[in-house]
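Student: A structural model of the following input is requested.
(one chain, ligands or ions: 1)
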Amino acid sequence: MLRLATVDDAKAIYEIEKTMFDDNIYHKLSLKNIEVLLKKKSVYLYVYCNEINTPIGYSLGVVINKKSIWFNSLAVLKEFQTTNAAKLLFDQIESTCYHFNLNSVILEIRKDNKALLRRYKNLGYVIWKEIERYYPDQCGAYRMIKCLK
Ligand SMILES: CC(C)(COP(=O)(O)OP(=O)(O)OC[C@H]1O[C@@H](n2cnc3c(N)ncnc32)[C@H](O)[C@@H]1OP(=O)(O)O)[C@@H](O)C(=O)NCCC(=O)NCCS
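Tutor: This is a model prediction of the structure:
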């Protein structure tokens, strides 16, 4: 089941974050970061839950101005990967963009992640900017954008 997260989900989201992101290559969200995000009106944090309503994956979008949503993060616990969870969580970010009549989704990917670059190009995203030394290991990022209007 996919739903919007509440403050009660903060710890479960943090567990997913801790388990799924390698902090040598990604900036991880702290529990405090997640709790703060969950209180912001501009934040759309979705969770995909198991049968007892515990989050096993999440996606995070932030409405950054009147035109765009910034897709910040997506993670699904290993044992629930290759199910439909990641797709539903990601699609929900684009749906949020449509729902609020925004123009575009913006995201960053690591320059060394060629498979993800291909995936986003296939989904209609284009490289908008290059940002040097964006990640903890100093890898650069492609900032990509998809206009939905
Ligand atoms: C990224 C992650 C959520 C993918 O989960 P998964 O269940 O293995 O996903 P799959 O590879 O089976 O892909 C299923 C669908 O989910 C979507 N999807 C998967 N990864 C995606 C991503 N990074 N961005 C957008 N959509 C994605 C796609 O629609 C995909 O379908 P497709 O392969 O036909 O294009 C998971 O590997 C993970 O949690 N990794 C650790 C955290 C991380 O690196 N996140 C990405 C950087 S923010």
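Student: Tell me, how many residues neighbour the closest residue to T6 other than its chain neighbours?
Tutor: Sequence neighbours aside, L38 is the residue nearest to T6 in space, at 6.9 Å (criterion: CB to CB, 6 or more residues apart in numbering). All C-beta spots, glycine's among them, are computed from the backbone N, C-alpha and C. For L38, the tally of surrounding residues (other CB atoms under 10 Å) stands at 17.
Student: Pretty sure L38 sits against V47.
Tutor: No: no contact is recorded between L38 and V47 when judged using CB atoms under 8 Å, the distance being 10.6 Å.
Student: Give me the common contacts of these two.
Tutor: When contacts are counted by CB atoms under 8 Å, 6 or more residues apart in numbering, L38 and V47 are jointly contacted by 5, 9.
Student: if we can go back for a sec, check the residue nearest to T6 and give its pLDDT.
Tutor: If you check L38, the pLDDT there is 97.
Student: For D9, give its distance to the ligand.
Tutor: Distance of D9 to the ligand, computed by CB to the nearest ligand atom, to the nearest Å: 16 Å.
Student: you'd agree that residue is up against P55?
Tutor: Yes: here D9 reaches P55: they are 5.3 Å apart, a contact under CB under 8 Å.
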